[in-house]
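> Sequence first, predicted coordinates after that:
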Protein chains: 2
Amino acid sequence: MAEEVILLDHWGSPFGVRVRIALAEKGIKYEYREEDLKNKSDLLLKMNPAHKKIPVLIHNKKPVCESLIAVQYIDEVWKEKCPLLPSHPHERAISRFWADYIDKKVYQLGRTMCATKGEEHEAAKMEFRECLKLLESQLGDKPYFGGDTFGYVDVALVPFYCYFGAYETYGNLSMEAECPKLLAWAKRCVQRESVSRSLPDQKKLMERISDFRKRLGFE
Amino acid sequence: MAEEVILLDHWGSPFGVRVRIALAEKGIKYEYREEDLKNKSDLLLKMNPAHKKIPVLIHNKKPVCESLIAVQYIDEVWKEKCPLLPSHPHERAISRFWADYIDKKVYQLGRTMCATKGEEHEAAKMEFRECLKLLESQLGDKPYFGGDTFGYVDVALVPFYCYFGAYETYGNLSMEAECPKLLAWAKRCVQRESVSRSLPDQKKLMERISDFRKRLGFE
């Protein structure tokens, strides 16, 4: 049977970027469908009735929702090329832990830091710094989180590289000073075509964040 | 090498219950160490520096944190007996999706419903009901979430059976009326020794929730 792979996505979504990178690493051809998040397609609502969110990977008519679950699915289905998760159970657990940590902390705190003022902003900023420090020490001097090869945790984190500018502008942070190893790692990742082609346009993304802040009355 | 398995846990934690059930299903002998959550052990702080939370599974000195990751780890290491995740990638993705949904929705909404008043309480209650309806329809007429055998989604959800009493008392819900199939499923699960021996004492748990509400000034 010919494989049919469709990705319901939105250009600016860091979660969508994860799935795009995983598909590109595996060399899977797929149809990209941009969703209008203010007017979601019937297909999206049907494929992800629980959350109604992008990204949704549709493989031979069957949906896989939630970006980290989709990346694991891609890794399990197309396992021959570029394995993303390590093969040893403990290393797999460690990879899953950090990917989950990125979901729970990096995304949420980064967003809160950029979308609040005063005490709430300061608290998020302090916790966000701790987060960066922890990721920096987990990366250490390895080229990638899993060691010598690009893998699952890299896929989970690198979409947030596009937000580094926002963290600097609205969080008043210097990423170079806070996490030099993480910055060098991100630049290393971006040299991969799978990553550079999947990331959203930086300028367009900054405009989107600025619009979001204007709606909150911050600008 | 003799296997050394230690579980850092707290008797009332639904997340800890998941790991206890998975270990029991696999017939793994382990040392249970109860943590005082107000005075966490040095071992816990060392083994889970990122979140400082129980449960932590320590297998041959190496920690695995986050309950769903620990359950997957147990399933991958001791794979011969009672597989918890299905073998087909799409079924695995579906199982992971629902376990993640339980983490994001059931736990959080149930807690909010029991610990708030007024509008916030009503909003949480309405969303919680939607959640139960969705889980009820996902279960359908199958004996377990994955089909005929007890598996990953069952392990993820059944610890919340102990909270059904609290949902009825503080959410003013009838679980029998809201989700009769889910209730029958929970009773089916509890017939398994792995589950019945892992669940916390219902009366003690209700006292704990009542104390929590007293501290919030609700009782």
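Looks like it arrived, so ask away.

> Just the helices from chain A, written as ranges.
Secondary structure of chain A (DSSP state H): helices located at A:14-26, A:42-47, A:67-77, A:89-101, A:108-114, A:118-139, A:152-157, A:164-171, A:175-178, A:180-190, A:193-196, A:202-215.

> right, and those helices - which one's nearest B:Met113?
helix A:108-114 (21.9 Å; C-beta to C-beta). C-beta: built from backbone N, CA, C; applies to glycine.

> Let me know which of the helices of chain A is tucked in deepest.
Stretch with highest mean neighbour count among those: helix A:152-157 (a mean of 27; mean count of other C-beta atoms under 10 Å in any protein chain shown).

> counting contacts, what elements does that helix pack onto?
Under the contact criterion of 3 or more C-beta pairs under 8 Å, 6 or more residues apart in numbering or on different chains; DSSP states H and E, helix A:152-157 touches helix A:14-26, helix A:67-77, helix A:89-101.

> would a markdown table of those with mean pLDDT and distance to chain B be doable?
Shown next, in a markdown table, are the helices and strands packed on helix A:152-157 (pLDDT from 0 to 100; distance: least, C-beta to the nearest C-beta, whole Å):
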| stretch | mean pLDDT | distance to chain B |
| --- | --- | --- |
| helix A:14-26 | 98 | 12 |
| helix A:67-77 | 98 | 4 |
| helix A:89-101 | 98 | 4 |
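
> Save these as JSON lines, and put in distance to B:Met126 too.
Formatted as JSON lines, those follow (distance: least, C-beta to C-beta, whole Å):
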{"stretch": "helix A:14-26", "distance to B:Met126": "26"}
{"stretch": "helix A:67-77", "distance to B:Met126": "27"}
{"stretch": "helix A:89-101", "distance to B:Met126": "28"}
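
> right, and those - which one's nearest A:Lys142?
A:Lys142 sits nearest to helix A:89-101 of all those, at 12.4 Å, using C-beta to C-beta.

> chain center to the closest one: distance?
Chain-centre distance of helix A:89-101: 16 Å, with C-alpha atoms, centre = their mean, to the nearest Å.

> Report the inter-axis angle for that helix versus helix A:67-77.
Here helix A:89-101 runs at an angle of 150 degrees relative to helix A:67-77 (axes from the mean of the first three to the mean of the last three C-alpha atoms, to 10 degrees).

> got the contact list for helix A:89-101?
A:68, A:85-86, A:134-135, A:138, A:145-146, A:151-153, A:156-157, B:50-51, B:59, B:62, B:64-66, B:69-70, B:72-73, B:76-77 (C-beta atoms under 8 Å, 6 or more residues apart in numbering or on different chains).

> So which elements touch the least confident helix or strand in chain A by mean pLDDT?
Taking mean pLDDT, DSSP states H and E as the measure, chain A has helix A:202-215 as its least confident helix or strand, at a mean of 90. Counting contacts by 3+ C-beta pairs under 8 Å, 6+ apart, helix A:202-215 is packed against helix A:164-171.

> Name the residues of chain A found near chain B, please.
Applying C-beta under 8 Å from any C-beta of the partner chain, one finds that chain A approaches chain B through A:49-51, A:59, A:62, A:64-66, A:69-70, A:72-73, A:76-77, A:89-90, A:92-93, A:96-97, A:100-101, A:134.

> Which residue, other than its chain neighbours, is closest to A:Ile69?
B:Arg96 (4.7 Å; C-beta to C-beta, 6 or more residues apart in numbering or on different chains).

> roughly how far apart are that neighbour and B:Asp103?
11 Å (C-beta to C-beta, to the nearest Å).

> returning to what we had before: possible to save the helices of chain A as JSON lines with distance to B:Leu8?
Below are these laid out as JSON lines (distance: least, C-beta to C-beta, whole Å):
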{"stretch": "helix A:14-26", "distance to B:Leu8": "31"}
{"stretch": "helix A:42-47", "distance to B:Leu8": "39"}
{"stretch": "helix A:67-77", "distance to B:Leu8": "25"}
{"stretch": "helix A:89-101", "distance to B:Leu8": "15"}
{"stretch": "helix A:108-114", "distance to B:Leu8": "25"}
{"stretch": "helix A:118-139", "distance to B:Leu8": "20"}
{"stretch": "helix A:152-157", "distance to B:Leu8": "24"}
{"stretch": "helix A:164-171", "distance to B:Leu8": "34"}
{"stretch": "helix A:175-178", "distance to B:Leu8": "31"}
{"stretch": "helix A:180-190", "distance to B:Leu8": "29"}
{"stretch": "helix A:193-196", "distance to B:Leu8": "37"}
{"stretch": "helix A:202-215", "distance to B:Leu8": "40"}
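
> mind giving me the domain ranges of chain A?
Following automatic domain parsing, chain A resolves into domains at A:5-77, A:89-215.

> for those domains, which one sits closest to B:Glu193?
Across these, B:Glu193 has its closest neighbour in domain A:89-215 (25.5 Å, C-beta to C-beta).

> Regarding that closest one, how distant is the last residue from the first?
End-to-end distance of domain A:89-215 (C-alpha to C-alpha, to the nearest Å): 46 Å.

> Stretch A:196-203 now?
One end of stretch A:196-203 to the other measures 15 Å (C-alpha to C-alpha).

> Tell me where chain A is predicted with low confidence.
By pLDDT under 70, the weakly predicted segments of chain A are A:1.

> Next one: A:Phe128 from chain B, what distance?
14 Å (C-beta to the nearest C-beta, to the nearest Å).

> Oops, could you answer that again for A:Tyr170 instead?
A:Tyr170 sits 25 Å away from chain B, going by C-beta to the nearest C-beta.

> ok, now which ones touch the nearest residue to that residue once chain neighbours are set aside?
Spatial nearest neighbour of A:Tyr170, excluding adjacent residues (C-beta to C-beta, 6+ apart): A:Cys114 at 4.2 Å. Shown in contact with A:Cys114 (C-beta under 8 Å, 6+ apart): A:166-167, A:170-171, A:209, A:213.
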